[in-house]
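> Using only what follows, build the 3D model:
(one chain, ligands or ions: 2)
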Amino acid sequence: MTARTATPLPLEVRGVTVRFAGLTALDDVSFTVAPGSVHALIGPNGAGKSTCFNVLSGLYRPTAGAVRLGETDLTRLAPHKIAALGVARTFQNIVTTEGTVADNLMLGRHALSRAGYLASALHLPRAAREQREHLRRVHEIAELTGLAPHIDTPVAVLSYGDRKRVEFARALCLEPRVLLLDEPVAGMNAAERARTAEVVRDVRESLGLSVLLVEHDMGLVMRLADEVTVLDFGRAIAHGTPEEVRRDPEVLRAYLGTGPAGEEDAA
Ligand SMILES: Nc1ncnc2c1ncn2[C@@H]1O[C@H](COP(=O)(O)OP(=O)(O)O)[C@@H](O)[C@H]1O
Ligand SMILES: [Mg+2]
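Ligands and ions are numbered 1, 2, ... in the order given. Coordinates of the predicted model:
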């Protein structure tokens, strides 16, 4: 089982509105993640970035609007269906605490497994073969993400940065077309941040996937993103290249008092 030769497809967000009791978390938001691009979603706290990820990954149903991957409407699909179609995510907070790195990456692979848990529990030959193929791919992805030296290490004893990297690698194990990264470098030190930026770039180049990135580290956004969408109070107030949005008057207003968006933690 080699990497899926993923057809690059645009991820389109069209007029998405999400209302919680009395609060509009997203208000008619539209943007497109171009195939093979790194697209950043930025904005102050509470702007609606995580809500947007929750819609894209199927955890929230929007009140209005649609999400499409190529021709496929994802809007009403369950999270596992969306993941199977090639949209994988990481969470803002680390969810991994048990097992080794390899165990955690295998969990990502099992979401792809045709033989499934039952067959592997029964030790069917095909399941054993698939298991070996999954393990081989897990080692490749560990190599790609710099986790190879830790492959048999329990995640509980890894550094914070390495554990964030496990989340990232596990999402990659789904062979996604589009990878949604919610604050991948939050809580990391400078060296870990630089390393993660490198990994995101490598992965995009070697696997040809698109990345939608929510990130507060404006330096990282400026270095990595091809295109940026800025959310403020649930509305998309600007789109453009990192250079364009950092000079946009509306964006400067949203980041009130911080001057041109470009300083660390300006978001
Ligand atoms: N499940 C929920 N129920 C009610 N309000 C929510 C829920 N999730 C998010 N919100 C609210 O929606 C707004 C956007 O939140 P969020 O998407 O987490 O922002 P961000 O990730 O940009 O910081 C906030 O006002 C938040 O309190
Ligand atoms: Mg958030």
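> The helix or strand containing residue 142 packs against which elements?
Using DSSP states H and E, the secondary-structure element containing residue 142 is helix 125-144. When contacts are defined as 3 or more CB pairs under 8 Å, 6 or more residues apart in numbering; DSSP states H and E, helix 125-144 sits against helix 101-110, helix 116-121, helix 160-172, helix 190-207. Where C-beta positions appear, they are placed from N, C-alpha and C, glycine not excepted.
> Now it - C-alpha only, PDB.
Provided in PDB are the C-alpha atoms of helix 125-144 (Å, rounded to 0.1, in the frame of the first residue of the first chain):
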ATOM      1  CA  PRO A 125      -3.900 -13.600   6.000                       C
ATOM      2  CA  ARG A 126      -5.000 -10.600   4.100                       C
ATOM      3  CA  ALA A 127      -5.200  -8.600   7.400                       C
ATOM      4  CA  ALA A 128      -1.600  -9.700   8.300                       C
ATOM      5  CA  ARG A 129      -0.400  -8.500   4.800                       C
ATOM      6  CA  GLU A 130      -2.200  -5.200   5.200                       C
ATOM      7  CA  GLN A 131      -0.800  -4.800   8.700                       C
ATOM      8  CA  ARG A 132       2.800  -5.200   7.300                       C
ATOM      9  CA  GLU A 133       2.100  -2.700   4.600                       C
ATOM     10  CA  HIS A 134       0.700  -0.200   7.100                       C
ATOM     11  CA  LEU A 135       3.700  -0.700   9.300                       C
ATOM     12  CA  ARG A 136       6.000   0.000   6.300                       C
ATOM     13  CA  ARG A 137       4.100   3.200   5.500                       C
ATOM     14  CA  VAL A 138       4.200   4.200   9.200                       C
ATOM     15  CA  HIS A 139       8.000   4.000   9.100                       C
ATOM     16  CA  GLU A 140       8.100   6.100   6.000                       C
ATOM     17  CA  ILE A 141       5.900   8.800   7.500                       C
ATOM     18  CA  ALA A 142       8.000   8.700  10.800                       C
ATOM     19  CA  GLU A 143      11.000   9.300   8.600                       C
ATOM     20  CA  LEU A 144       9.400  12.200   6.700                       C
END
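> Contact residues of the stretch 1-150 of the chain facing ligand 1?
20, 23, 25, 43, 45-51 (CB under 6 Å from any ligand atom).
> 5 Å instead, please
Contacts of the stretch 1-150 of the chain with ligand 1, taken as CB under 5 Å from any ligand atom, map to 20, 25, 45-51.
> Deepest-packed of the helices and strands packed on helix 125-144, please.
Most buried of these, by mean neighbour count (mean count of other CB atoms under 10 Å): helix 160-172, with a mean of 22.
> Residues contacting that one, please?
Residues from elsewhere that reach helix 160-172, judged by CB atoms under 8 Å, 6 or more residues apart in numbering: 88-91, 94-96, 101, 104-105, 107-108, 141-142, 144-147, 150, 155, 158, 179-181, 184-189, 192, 195-196, 199, 203, 207.
> now swap in stretch 188-196 and tell me
Contact partners of stretch 188-196, identified using CB under 8 Å, 6+ apart, comprise 146, 159-161, 164-165, 168, 184-185, 217, 220.
> Need those in a markdown table (columns: pLDDT).
Formatted as a markdown table, the contacts of stretch 188-196 follow (pLDDT from 0 to 100):
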| residue | pLDDT |
| --- | --- |
| 146 | 91 |
| 159 | 90 |
| 160 | 87 |
| 161 | 87 |
| 164 | 89 |
| 165 | 90 |
| 168 | 91 |
| 184 | 88 |
| 185 | 88 |
| 217 | 85 |
| 220 | 90 |
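> okay if I get those as TSV plus distance to residue 253?
Converted to TSV, the contacts of stretch 188-196 look like this (distance: CB to CB, whole Å):
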residue	distance to residue 253
146	39
159	38
160	34
161	34
164	32
165	36
168	33
184	27
185	26
217	21
220	23
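> among these, which are in reach of ligand 2?
Near ligand 2, judged by CB under 5 Å from the ion, there are no entries from the contacts of stretch 188-196.
> Nearest residue to the residue nearest the centre of the chain in space, ignoring adjacent ones along the chain?
For the chain, residue 180 is the residue whose C-alpha lies nearest the centre (CA atoms, centre = their mean; 1.8 Å). Spatially, and ignoring its direct neighbours in sequence, residue 180 is nearest to residue 89 (3.9 Å; CB to CB, 6 or more residues apart in numbering).
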